[in-house]
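K.L.:
Could you look at this predicted model? Sequence included:
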Amino acid sequence: MNRSFFRFVSLSAVGLGLVAGTARADLSVPIGDLAPGESVRLSFEVAIEEALPPTVTQISQQVTATSDGGSTLSDDPETALADDATITPLADVVAPRVASILRSSPAASPATADTLGFRVAFDEAVQGVDAGDFGVSGTTATVTTAVDAGGNAYDLTVTGGDLAGLTGTVTLGFSGAQNIRDLSDNALVELTPTGANDNFFEVANNDAPVLTPFDPVLPGILSTDTATAGLTVAAIVGSSITDADPGAEQGIALFQADASHGRWQFSIDGGSSWNTFAITLADGDVLLLRAVDRIRFVPDGLRGDSPTLGYVAWDQTGATAGLEGTRFVPLQGSGGSTPFSMAYDAAHLTVTPTVIGTYEDWLIANFTEAERSQGQIVGQDQDPDGAGVVNLLRFALDLPAHGSVPPPTTWTTVVEAGITYPALQFSVRRLAPGLSYVVESSVDLVQWTVVSTWYPNSEGTVTARDAVALGDGPRRFLRLRVESVSQ
Ligand SMILES: [Ca+2]
Ligand SMILES: [Ca+2]
Ligand SMILES: [Ca+2]
Ligand SMILES: [Ca+2]
């Protein structure tokens, strides 16, 4: 077997004695274990320094192991050397190799560290090693330092970029610009380690976003505002979301978006195209939207509404990155290193009806959302202002919703076929399903008889005459009763 063998041997180290004209040297060169019959070739380059001009003689010896543990030299061992000759080894022609890549700080993966350390070892002394010889993937962090650790090994530090907020895999490799070479200038070509290759970390460095709920109230719209530009998520959440990670992205994960008289839509292309969606808590999944994405409510064109949006904060990290506009099923945990905040918030929108058709619409048009949540204020039989007129009458007779009101009915007379009747005149709603107006008469204020029943009409007023002509019979009383059947 022939083995390449290179070793620097200084003349003094091997005690080469020189005499004029002829030099003999006894070289003791460790060559490892040779089995009997194996051989190894020793090659030296001999520089004759004092000759003019200098001459160089190559000395090459074939050493063959013998059965008694000794060796024989198969080539002529004697070569003439000039006085004061020095011997230098032949150039190293073997490229260096990567011996191993190991995790050094922290020592194991997965990890939660903002700075990662690798130790890269080579099989021989190398030169030209610096941070620029390496690169990492899976992160925008970089190899910032490469420190000689001795033993042909270097300690690399990976830090910066998104690493402090990253949940994912960070893998170390060599950069295309690496120019590592051994001490004889043989370039590092083969980049796969001959030994261990622990060249990656799984990191869970993301800090979940933190949402501080503030019950945002969105700018109100009319029931005819069916093609608005909506709002960006950023405009909805304001400054309610923070994130400990550098350069963190913002977004929301909607878990509730409901409405009674219209539909929610979102756009992930700045409002060029809109997608209708509905989410309720029971769905158990979320719709992911970035800060730049838009949300709008499309009313049914007629009726008022109080639609709401429920959401947690979403930092767009990990497996959810790039999933804006899609359902992420399911929402797997929140807080910790997840992309979702622990806290949730609810945004409220009021759609004011342009035609009041129902008692609910009338409430929306005249009471705040906070007031509408209190039955003692907005109940049909409530009189929150103490004006002697309950809400249902204010609604049915188209009276002001607040404060004192004029008498809701007025006396008049109606002449039919030459006969004059007393009559009640009052306002009615133009459109109010379920609402009716009943005029009743009595002679004793105890027994009441229905005279006529009326419904909302396009005129907005009703003149209801009595059944008995003016001046006939005993004194009579008329009254108006409003009935409401919820729709
Ligand atoms: Ca080499
Ligand atoms: Ca370099
Ligand atoms: Ca972090
Ligand atoms: Ca984060």
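P.N.:
All right, it came through fine. Ligands and ions are numbered 1, 2, ... in the order given.
K.L.:
So which residues on the stretch 201-350 of the chain come close to ligand 4?
P.N.:
206-207, 243, 245, 248, 315 (CB under 5 Å from the ion). For every residue, glycine as well, the C-beta is placed using N, CA and C.
K.L.:
ok, 6 Å please
P.N.:
206-207, 209, 243, 245, 248, 315, 317 (CB under 6 Å from the ion).
K.L.:
Tell me where the stretch 151-300 of the chain has helices.
P.N.:
233-237 (DSSP state H, counting those that start in this stretch).
K.L.:
Quick check: residues of it near ligand 1?
P.N.:
182, 184, 186.
K.L.:
Could you rerun that using 8 Å?
P.N.:
Neighbours of ligand 1 within the stretch 151-300 of the chain, by CB under 8 Å from the ion: 182-184, 186.
K.L.:
Can you tell me which of those is nearest Gly195?
P.N.:
Using CB to CB, Asp182 comes nearest to Gly195 of those, at 17.6 Å.
K.L.:
Just grab the bridge partners of that closest one for me.
P.N.:
Beta bridges link Asp182 to Val126, judged by DSSP bridges.
K.L.:
Tell me how the chain divides into domains.
P.N.:
Domain assignment for the chain, taken from automatic domain parsing, gives 11-89, 98-204, 210-352, 377-487.
K.L.:
of all these, which lies closest to ligand 2?
P.N.:
Comparison of those against ligand 2 by CB to the ion identifies domain 98-204 as nearest, at 4.2 Å.
K.L.:
and the closest one, how far apart are its ends?
P.N.:
In domain 98-204, first residue to last residue: 29 Å (CA to CA, to the nearest Å).
K.L.:
Then stretch 360-375?
P.N.:
First-to-last distance for stretch 360-375 - CA to CA - comes to 12 Å.
K.L.:
Buried residues, that stretch. List them.
P.N.:
360-364, 366-367, 369, 372 (16 or more other CB atoms under 10 Å).
K.L.:
Please apply the same query to stretch 386-401.
P.N.:
In stretch 386-401, counting by 16+ other CB under 10 Å, buried: 389-399, 401.
K.L.:
hmm, back to that, let me have the domains of the chain in a markdown table, extended by mean pLDDT.
P.N.:
A markdown table is the format used below for the domains of the chain (pLDDT from 0 to 100):
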| stretch | mean pLDDT |
| --- | --- |
| domain 11-89 | 49 |
| domain 98-204 | 96 |
| domain 210-352 | 92 |
| domain 377-487 | 91 |
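K.L.:
For the residue most central in space within the chain, give its distance to ligand 3.
P.N.:
What sits nearest the mean C-alpha location of the chain, by CA atoms, centre = their mean, is Gln316, with 0.5 Å. Look at Gln316 and ligand 3: by CB to the ion, to the nearest Å, they are 14 Å apart.
K.L.:
who's in contact with that residue?
P.N.:
249-251, 288, 290, 322, 324, 339 (CB atoms under 8 Å, 6 or more residues apart in numbering).
K.L.:
Can you tell me which residues in the protein are near ligand 3?
P.N.:
Counting by CB under 8 Å from the ion, the chain sits next to ligand 3 at 114, 164-166, 205-207, 244-245, 337.
K.L.:
Now the buried members of these.
P.N.:
For the residues of the chain next to ligand 3, buried by 16+ other CB under 10 Å: 114, 164-166, 205-207, 245, 337.
K.L.:
Just the closest residue of this structure to ligand 1, please.
P.N.:
Closest point on the chain to ligand 1, by CB to the ion, is Asp182, at 3.7 Å.
K.L.:
Check the gap between that residue and Leu156 for me.
P.N.:
19 Å (CB to CB, to the nearest Å).
K.L.:
re the thing from before, so where does the residue nearest to the centre of the chain fall, helix or strand?
P.N.:
Assigned by DSSP states H and E, Gln316 belongs to no helix or strand.
K.L.:
one step back: okay, and which of the buried residues of stretch 360-375 map to helices?
P.N.:
Among those, the members found in helices (DSSP state H) are 360-364, 366, 369, 372.
K.L.:
so who does Trp264 touch?
P.N.:
Counting by CB under 8 Å, 6+ apart, Trp264 has contacts 257, 276-278, 295-298, 307, 309.
K.L.:
repeat that with 6 Å
P.N.:
257, 277, 297 (CB atoms under 6 Å, 6 or more residues apart in numbering).
K.L.:
Which strands or helices does the helix or strand that contains Thr144 pack on?
P.N.:
In the assignment (DSSP H and E), Thr144 maps to strand 142-150. Under the contact definition 3 or more CB pairs under 6 Å, 6 or more residues apart in numbering; DSSP states H and E, strand 142-150 sits against strand 153-159.
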